[in-house]
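1. Structure of the sequence below:
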Amino acid sequence: ETIEEAGAKVQMESLFTVLNVVRVGQVHMYYRAKLLSDEFDPGYETQEARLFREHEIPWEEIAFRTVKETLERYFDDRRRGSFTIHVGDIQ
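-> The predicted structure follows:
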């Protein structure tokens, strides 16, 4: 998705979140990755791709709850200085 949607060049790292979206019977899996370039080439489904600092993220505009929860967990882990895998259900 990162390559397809944003055209970002990344090096895949570890599995980060596994979220079971109960009401639609889907499991969303997110991985940590290292950004190799700050240049993007968004696909046809993406109007804009850019980087944000944590305080700049337009939280109310994030379309998917799994994305929002993954970002919140990422920033929490980063502040703690230790990344772990997160597993949970989205009701």
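2. C-alpha coordinates for stretch 34-51, CSV please?
-> C-alpha atoms of stretch 34-51 as CSV (Å, rounded to 0.1, in the frame of the first residue of the first chain):
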residue,chain,number,x,y,z
LYS,A,34,12.4,2.9,6.8
LEU,A,35,11.8,5.8,4.4
LEU,A,36,14.5,5.8,1.8
SER,A,37,13.6,9.0,0.0
ASP,A,38,11.4,12.0,0.8
GLU,A,39,10.2,12.1,-2.8
PHE,A,40,6.7,10.6,-3.5
ASP,A,41,4.9,9.5,-6.6
PRO,A,42,1.2,9.1,-5.6
GLY,A,43,-1.0,6.7,-7.4
TYR,A,44,-4.3,7.5,-9.1
GLU,A,45,-6.2,6.9,-5.8
THR,A,46,-4.1,9.5,-3.9
GLN,A,47,-4.6,13.3,-4.2
GLU,A,48,-1.6,14.2,-2.1
ALA,A,49,1.2,12.5,-0.2
ARG,A,50,3.4,14.3,2.3
LEU,A,51,5.2,13.9,5.7
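3. For it, the averaged confidence score.
-> Across stretch 34-51, pLDDT averages out at 90.
4. Now tell me what touches it from outside.
-> With C-beta atoms under 8 Å, 6 or more residues apart in numbering as the test, stretch 34-51 has contacts from Glu4, Glu5, Ala6, Gly7, Ala8, Lys9, Val10, Gln11, Glu13. Where C-beta positions appear, they are placed from N, C-alpha and C, glycine not excepted.
5. List phi and psi for Ile85.
-> phi -80, psi 140 (degrees, to the nearest 10).
6. pLDDT below threshold where in this structure?
-> By pLDDT under 70, the chain contains no weakly predicted segment.
7. tell me, which strand in it spans the most residues?
-> Under DSSP state E, the strand in the chain containing the largest number of residues is strand 10-21.
8. List the buried residues of that one.
-> Phe16, Thr17, Leu19 (16 or more other C-beta atoms under 10 Å).
9. I appreciate the help and will end here.
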